[in-house]
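Participant: kindly return the folded structure for what I paste below:
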Amino acid sequence: MNQIQSKDQIVKEVFIECRTEILFNFFTDPEKMVRWMGRHILLELNVGGKYRIDVNGHDIAMGEYVEIIPNEKIVMSWGWEKSKVVPPGSSTVEFRFAPKDNGTLLVLTHSGLPVEEVASHVQGWSHYTVRLQTLAEGGDPGVDPWSVKAMH
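Facilitator: Residues are numbered from 1 along each chain as shown. Just a heads-up that it's a prediction; the model follows:
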């Protein structure tokens, strides 16, 4: 798992042993997504559509879809409801799905974060990409421990 960090950008690469279109579904189907991230998820899957990911009843990620290329790329604005530091739409998350060997290389880029928020978002994406990898490769990540406690 590679991770590159600049002062306001996180880049994570994770190789996941599953077909690209299967992995893509874990980002576009709320019933699949909720198994690796959050406890209530609403997705309006179109450019300009909104999403809302309720992580634990207190921390709620919100934003809009900027670009969607089926099985290739999803770009969304990102932020936290009620946050003054990273308000909804204040940063950008890009997920790229690249077929590789017998699976998919997922490249996650989170940019536009305030410097003091980079570390907590690195921790967050590390937590969730491990859960996603387990799930997409046929395992069961179990109940997300973060879904039952407030993070901020």
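Participant: mind checking how far the strand or helix carrying residue 78 is from the chain centre?
Facilitator: Using DSSP states H and E, residue 78 sits in strand 73-80. The chain centroid and the centroid of strand 73-80 are separated by 8 Å under Cα atoms, centre = their mean, to the nearest Å.
Participant: same thing with stretch 56-69?
Facilitator: 9 Å.
Participant: that one - what's its average pLDDT?
Facilitator: Across stretch 56-69, pLDDT averages out at 96.
Participant: ok and the longest helix belonging to the chain relative to strand 73-80, angle-wise?
Facilitator: Using DSSP state H to define each element, the chain has its longest helix at helix 115-136. With axes from the mean of the first three to the mean of the last three Cα atoms, to 10 degrees as the basis, helix 115-136 and strand 73-80 are set at 130 degrees to each other.
Participant: next, the buried residues of helix 115-136.
Facilitator: Within helix 115-136, the residues that count as buried by 16 or more other Cβ atoms under 10 Å are 117-118, 121-122, 124-125, 127-129, 131-136. No exception for glycine: its C-beta is placed from N, CA and C like everyone else's.
Participant: what does that helix contact?
Facilitator: 1, 3, 5, 7-10, 12, 14, 16-18, 22-23, 26, 35-37, 85-86, 106, 108, 110, 113, 140-141, 144, 146, 151 (Cβ atoms under 8 Å, 6 or more residues apart in numbering).
Participant: what about this structure, any weak spots by pLDDT?
Facilitator: The model of the chain has pLDDT under 70 over residues 1-7, 149-152.
Participant: how about the helices of it, start to end?
Facilitator: With DSSP H as the criterion, the chain has helices spanning 20-28, 30-33, 115-136.
Participant: minimum distance to residue 49: which of those helices has it?
Facilitator: helix 20-28 (11.1 Å; Cβ to Cβ).
Participant: what does that closest one contact?
Facilitator: Residues from elsewhere that reach helix 20-28 (Cβ under 8 Å, 6+ apart): 16, 32-33, 35-36, 43, 45, 70-72, 74, 95, 97-99, 104, 106, 132, 135-136.
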